[in-house]
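**Q** My questions concern the predicted model and sequence given below.
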Amino acid sequence: MDTISVNQFRDNLKTLVEEVVSTHEPLKVSRRAGDDFIVMSAEDWQREQETLYLLQNSDLMRQMSKSLTTHSNNTGYKPTDEQMNEITGI
């Protein structure tokens with residue numbers, strides 16, 4: 001993550017925001033007072049929030065772990081050809 005001063009951020013606001021949104025790379029803005037902040041796109045922020053929710057939900061984490069195990073062992077649910085056609089719209 002790149003870091004710039006608040007003065008650089010202010011002077012180049014439009015360009016830096018466009019870069020953050022297009023590259024999906026957050027930008028750390030440092031302030032003399034020491035209260036730094038991060039600039040990131042709304043899409044990336046939402047993705048981070050969803051990830052945090054999943055990581056904090058022990059039931060979902062157990063389900064994902066079990067699913068990964070059954071997938072790795074090739075013992076998970078296998079839809080029929082008819083179900084796959086319905087899912088894929090073929």
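**A** Right, received. Where do you want to start?
**Q** Residue 48: what's it in contact with?
**A** For residue 48, the contact set (C-beta atoms under 8 Å, 6 or more residues apart in numbering) comprises residue 40. Quick note: C-beta positions are derived from backbone N, CA and C, even for glycine.
**Q** How about the secondary structure of it?
**A** Put simply, residue 48 is helix when judged by DSSP: H, G, I helix; E, B strand; the rest coil.
**Q** Geometric centre of the chain: which residue is closest?
**A** Centroid-nearest residue in the chain, with C-alpha atoms, centre = their mean: residue 47, separated by 3.5 Å.
**Q** tell me the pLDDT at that residue?
**A** pLDDT, the model's per-residue confidence, is 95 for residue 47.
**Q** Same check on residue 77?
**A** 86.
**Q** For residue 30, name its beta-bridge partners.
**A** residue 5 (DSSP bridges).
**Q** Report pLDDT for residue 29.
**A** pLDDT, read off for residue 29, is 98.
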